[in-house]
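how does the following fold in three dimensions:
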Amino acid sequence: MEYRTLGKTGLRVSRLGCGGIPIQRIDAEGTRKLMHRLLAEGVNFVDTARGYTVSEEYLGYGLEGIREHFILATKSHGLTREEMEQDVKTSLKNLRTDYIDLYQFHNPTPEDLAVIQAPGGALEYLQEAKKQGIVRHIGLTLHSADMFREALEYPWVETLMFPYNIVESQGTELIKACGEKNIGFLCMKPLAGGAIEDATLAIRYIAQNPDVTVVLPGMASEEEAAQNLAAIQDTSPLTIPEQEKIQTIRSTLGTQFCRRCGYCAPCTVGIPIPNVFTFEGYLSRYGLKDWAIGRYEVMAAKPDDCVECGLCETRCPYHLPIRQMLKKAGRAFAEAE
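Numbering: from 1, shown residues only. Just a heads-up that it's a prediction; the model follows:
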């Protein structure tokens, strides 16, 4: 296994890490087996989040007795000092540890970041927790290239996580800038949220970029781990057939993916647009049908409530056809129920 230094954190991390979203669809014992397999293969970086339902708890069980061999990262939507303090305490309990190697702000909006960095904001608590050794390092996850560019100048940012894959390469130059500023870069969505079916090709493509510190595919089984490990360890140049397949994938999928940056909000009728697409991903790609439907059903406003005003599309930095995508998501849930 190849290891890299995670920017200014100084941590030595495996080039392949484990993304914690799919952990939700297995169980605690399955997570334990997966973690032991990853340890045996030299993988030492695991990322999860407070928002990934049972992921933290299952990982806490799965890492019991071997936690010291892993660099453990999680993240929170907390904005205020009080919210972040509570989330860190919950993470420590769930993960069955007395410290977390990397605690990240989870995809905040520009308005959220203003609150986070203000007096009494969540950053204030994380910096104190860092002094106490409860949190070792602080990072930021984003879906907006503009926010990524700004975050490169924040002195407290030690790592940045951003989508990068065959169909989403808008952050290429910013990823390079991470290396220049000694900020560790964590690659999320290597399979574009499951839209890219060829995991081996997806990981090999990303691994060709020397500026990517860690690739974070989600894993839910030892079989998936074996496939991902084989891909990251194949350092040969991409073949002509592989390059041709990459072009086919780009042509087929395009770039119509919600990055959950939140710029589309607020919706005129209160539809939580990024949530709709998140839940649709869980429904269609992550195999979490019941979880997705349960959260979709309790939304006060759904895609059918859209009044076609189009304001969301004028705000979207990726120029997505949001109204069309909402209709598609609504149909998917209607057919699933």
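
chain center to stretch 58-69, what's the gap?
Distance, stretch centre to chain centre, for stretch 58-69: 20 Å (CA atoms, centre = their mean, to the nearest Å).

ok, residues contacting that stretch?
Stretch 58-69 is touched from outside by 20, 23-24, 26-28, 31-36, 39, 44, 46, 48, 70, 72, 94-97, with contacts defined as CB atoms under 8 Å, 6 or more residues apart in numbering. Yep, even glycine has a C-beta here, placed from its N, CA and C like the rest.

what about those, which are in strands?
Using DSSP state E, the subset of those located in strands is 46, 72.

buried ones only from the contacts of stretch 58-69, please, as a ChimeraX command.
To isolate the buried members of the contacts of stretch 58-69 in ChimeraX, using 16 or more other CB atoms under 10 Å:
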select :20,23,24,26,31,32,34,35,44,46,48,70,72,94,95,96,97
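
any stretches of this protein with poor pLDDT?
The model of the chain has pLDDT under 70 over residues 259-261, 286.

the helices in it, which residues?
28-41, 55-62, 81-94, 110-117, 122-132, 145-151, 172-180, 199-207, 222-233, 240-253, 273-284, 289-297, 311-315, 322-336 (DSSP state H).

elements contacting the fourth one?
When you say that, I think you mean helix 110-117. strand 100-106, helix 122-132 (3 or more CB pairs under 8 Å, 6 or more residues apart in numbering; DSSP states H and E).

what about Arg12, how many residues nearby?
Neighbour count of Arg12, defined by other CB atoms under 10 Å: 12.

measure it to Arg136 for me?
Using CB to CB, to the nearest Å, Arg12 is found at 13 Å from Arg136.

what does Ala207 give?
As judged by CB to CB, Ala207 and Arg136 stand 26 Å apart.

and what of Thr252?
42 Å.

so between these two, which is more surrounded?
Taking other CB under 10 Å, Thr252 and Arg136 do not tie; Arg136 has more neighbours (19 against 10).

residue contacts, the more buried one?
So Arg136 contacts 9, 99-102, 130 (CB under 8 Å, 6+ apart).

so which of those is surrounded by the most neighbours?
Leu102 leads the contacts of Arg136 on contacts (other CB under 10 Å) with 25 neighbours.

tell me the contacts of Asp211?
175-176, 178-179, 185.

do you know how far it is from Pro237?
Where Pro237 is concerned, Asp211 sits at a distance of 17 Å (CB to CB).

what's the answer for Glu297, then?
Counting by CB to CB, the gap from Glu297 to Pro237 is 48 Å.

and what of Pro272?
43 Å.

which residues touch the spatially closest residue to Tyr296 that is not a sequence neighbour?
Among residues not flanking Tyr296 along the chain, Phe279 sits closest, at 4.8 Å (CB to CB, 6 or more residues apart in numbering). Contact analysis of Phe279 by CB under 8 Å, 6+ apart lists 292, 295-296, 329, 333.

how is the chain carved up into domains?
3-237, 273-336 (automatic domain parsing).

distance to Cys267 added to these, as JSON lines?
Output for these, formatted as JSON lines (distance: least, CB to CB, whole Å):
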{"stretch": "domain 3-237", "distance to Cys267": "14"}
{"stretch": "domain 273-336", "distance to Cys267": "6"}
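
got the CA coordinates for stretch 316-332 in PDB?
C-alpha atoms of stretch 316-332 as PDB (Å, rounded to 0.1, in the frame of the first residue of the first chain):
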ATOM      1  CA  CYS A 316     -27.200  26.800  -9.400                       C
ATOM      2  CA  PRO A 317     -23.500  27.300 -10.100                       C
ATOM      3  CA  TYR A 318     -23.600  24.100 -12.200                       C
ATOM      4  CA  HIS A 319     -26.600  25.200 -14.300                       C
ATOM      5  CA  LEU A 320     -28.500  22.000 -13.600                       C
ATOM      6  CA  PRO A 321     -32.000  21.500 -14.900                       C
ATOM      7  CA  ILE A 322     -33.300  21.300 -11.400                       C
ATOM      8  CA  ARG A 323     -37.000  21.300 -12.200                       C
ATOM      9  CA  GLN A 324     -36.600  18.400 -14.600                       C
ATOM     10  CA  MET A 325     -34.400  16.500 -12.100                       C
ATOM     11  CA  LEU A 326     -37.000  17.000  -9.300                       C
ATOM     12  CA  LYS A 327     -39.700  15.500 -11.500                       C
ATOM     13  CA  LYS A 328     -37.400  12.500 -12.200                       C
ATOM     14  CA  ALA A 329     -36.800  12.100  -8.400                       C
ATOM     15  CA  GLY A 330     -40.500  12.400  -7.600                       C
ATOM     16  CA  ARG A 331     -41.300   9.600 -10.100                       C
ATOM     17  CA  ALA A 332     -38.600   7.400  -8.700                       C
END
